[in-house]
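A.B. asks: Here is a sequence together with a model predicted from it:
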Amino acid sequence: MPLPDEIATLAAEVSNWGRWGDDDELGCGNLLSAESTRRGTDAVRDGRRISLAAELKADGIQVGQPARRYNPILTVTSLNERDKYAPGIWEGTDDLVTMSTCAGTHVDALSHVSYDGFLYNGVPTSAVTAQYGASKLGAEKLPPIATRGLLLDVARAKGVDSLDEISPGYAITAEDLDAAAELARVTPAPGDVILVRTGQMRHYHAGDRQRYTVGTDFSQPGLSVHTIGWIHRHDLAGAFVDTYAYEAFPPTQADWSDCLAVHLLQIRDMGLLQGQNWDLEELADACAERGSGEVLLVAAPEPLVGATSAPVAPVAVL
């Protein structure tokens with residue numbers, strides 16, 4: 001089924017196809033510049049470092065929705081062993097991890113979603129195969145991120161701990177992002193990355209993995225299509241959120257023709273760096289205490305060749 005007409009029109013308006021050349025595989029990663037990095041370093045005041053990564057563990061974020069997404073399975077492959085060819089008294093242990101690339105905190109590659117037979121910048125979906133993964137737009141093409149991050153605490157700006165207190169499927173608007181930016185005392189600039197807090201991660205910390213992952217009656221807060229133009233106008237390099245689905249659920253259309261429309265337009269049309277399961281709870285408190293939402297964000301996605309998502313352990317430096 002096609003996208004609704006108004007969303008298809010928006011897709012054309014925000015498209016970055018050809019903006020950085022016909023062979024571009026970086027998308028909005030091109031906006032990560034020396035200037036945006038310096039803007040990030042200028043935000044550092046005391047050097048405090050806060051991890052934004054959720055722990056990778058067997059009882060982690062994944063609960064089997066959708067199917068075939070797996071939490072990390074840790075296997076010890078050698079236990080306190082010696083190498084008979086190496087001298088000394090040392091013993092070593094090695095291990096193996098099997099996991100979905102989007103099992104925890106991650107960045108989506110530009111090969112992650114598609115529609116109408118195309119990925120970002122007109123790359124055909126045939127570039128992704130079961131045998132080799134993505135021959136174009138794979139996770140190895142994701143750039144290392146060192147830029148100014150803007151904590152947009154939408155929940156705090158609305159006066160709640162979590163947006164699902166207002167509505168289980170609260171859909172964040174451009175006006176919500178403006179209000180959160182005002183609260184954070186920041187003005188977005190090209191190459192910045194926004195960190196959007198809904199408060200949904202609080203449920204995961206409380207041990208309610210099901211509510212975090214699938215929400216209440218399959219409704220959960222997140223970005224709406226009304227934020228896509230806002231992000232495009234500000235020429236942001238990326239947007240990362242503290243939810244599982246990234247965008248609000250359920251979709252607005254009764255036939256679900258706009259399902260995952262935020263993913264589709266931001267990744268396939270804009271080439272935006274985006275990701276989910278970012279833990280913004282400690283950072284939100286620190287930014288509220290400091291009275292500013294700007295930080296230096298450092299995040300290097302794992303360069304997994306051909307992967308469509310990449311685990312990442314982002315750090316905010318205050």
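C.D. replies: Sure thing, it's come through.
A.B. asks: what's near enough to touch the nearest residue to residue 26 once chain neighbours are set aside?
C.D. replies: Excluding its sequence neighbours, the residue lying closest to residue 26 (CB to CB, 6 or more residues apart in numbering) is residue 143, at 6.1 Å. For every residue, glycine as well, the C-beta is placed using N, CA and C. For residue 143, the contacting residues are 26, 29, 32, 273, by CB atoms under 8 Å, 6 or more residues apart in numbering.
A.B. asks: So which of those wins on neighbours?
C.D. replies: Among these, residue 273 has the most neighbours (other CB atoms under 10 Å), with 28 neighbours.
A.B. asks: pLDDT below threshold where in the stretch 1-150 of the chain?
C.D. replies: The model of the stretch 1-150 of the chain has no residue with pLDDT under 70.
A.B. asks: which stretches of it form strands?
C.D. replies: Counting by DSSP state E, counting those that start in this stretch, the segments of the stretch 1-150 of the chain that form strands are 49-51, 73-81, 92-98, 106-108, 128-129, 133-134, 145-153.
A.B. asks: Give the partner strands of the third one in its sheet and their orientations.
C.D. replies: It refers to strand 92-98. With DSSP bridges as the test, strand 92-98 is paired with strand 73-81 (antiparallel).
A.B. asks: do the first one as well
C.D. replies: In its sheet, strand 49-51 lies beside strand 315-317 (antiparallel), with partners assigned from DSSP bridges.
A.B. asks: quick one on the thing from earlier: so which of the strands of the stretch 1-150 of the chain comes closest to residue 261?
C.D. replies: Nearest of the strands of the stretch 1-150 of the chain to residue 261, taken as CB to CB: strand 106-108 at 14.9 Å.
A.B. asks: chain center to that closest one: distance?
C.D. replies: Chain-centre distance of strand 106-108: 5 Å, with CA atoms, centre = their mean, to the nearest Å.
A.B. asks: Run through who's touching that strand.
C.D. replies: Here strand 106-108 has contacts from 102, 139, 142, 238, 240, 263, 267, 273-277, 299, 301, 308-312, using CB under 8 Å, 6+ apart.
A.B. asks: can you do 10 Å?
C.D. replies: 53-54, 61, 100-102, 112, 139, 142-143, 145, 238, 240, 246, 263, 266-267, 272-278, 299-302, 307-312, 314 (CB atoms under 10 Å, 6 or more residues apart in numbering).
A.B. asks: hey, where'd the helices end up in the stretch 101-250 of the chain?
C.D. replies: 154-157, 174-184, 201-205, 209-214, 228-233 (DSSP state H, counting those that start in this stretch).
A.B. asks: what's the most buried one of these?
C.D. replies: Stretch with highest mean neighbour count among the helices of the stretch 101-250 of the chain: helix 154-157 (a mean of 23; mean count of other CB atoms under 10 Å).
A.B. asks: circling back to that earlier point, any chance of the helices of the stretch 101-250 of the chain in JSON lines with mean pLDDT as columns?
C.D. replies: Formatted as JSON lines, those follow (pLDDT from 0 to 100):
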{"stretch": "helix 154-157", "mean pLDDT": "98"}
{"stretch": "helix 174-184", "mean pLDDT": "98"}
{"stretch": "helix 201-205", "mean pLDDT": "97"}
{"stretch": "helix 209-214", "mean pLDDT": "95"}
{"stretch": "helix 228-233", "mean pLDDT": "98"}
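A.B. asks: still on that earlier bit, between the strands of the stretch 1-150 of the chain, which one is nearest to residue 161?
C.D. replies: strand 145-153 (10.9 Å).
A.B. asks: Show me what the closest one is packed up against.
C.D. replies: Here strand 145-153 is seen to pack against helix 34-42, helix 174-184, strand 193-197, strand 238-241, helix 281-290, strand 294-299, strand 315-317 when contacts are counted using 3 or more CB pairs under 10 Å, 6 or more residues apart in numbering; DSSP states H and E.
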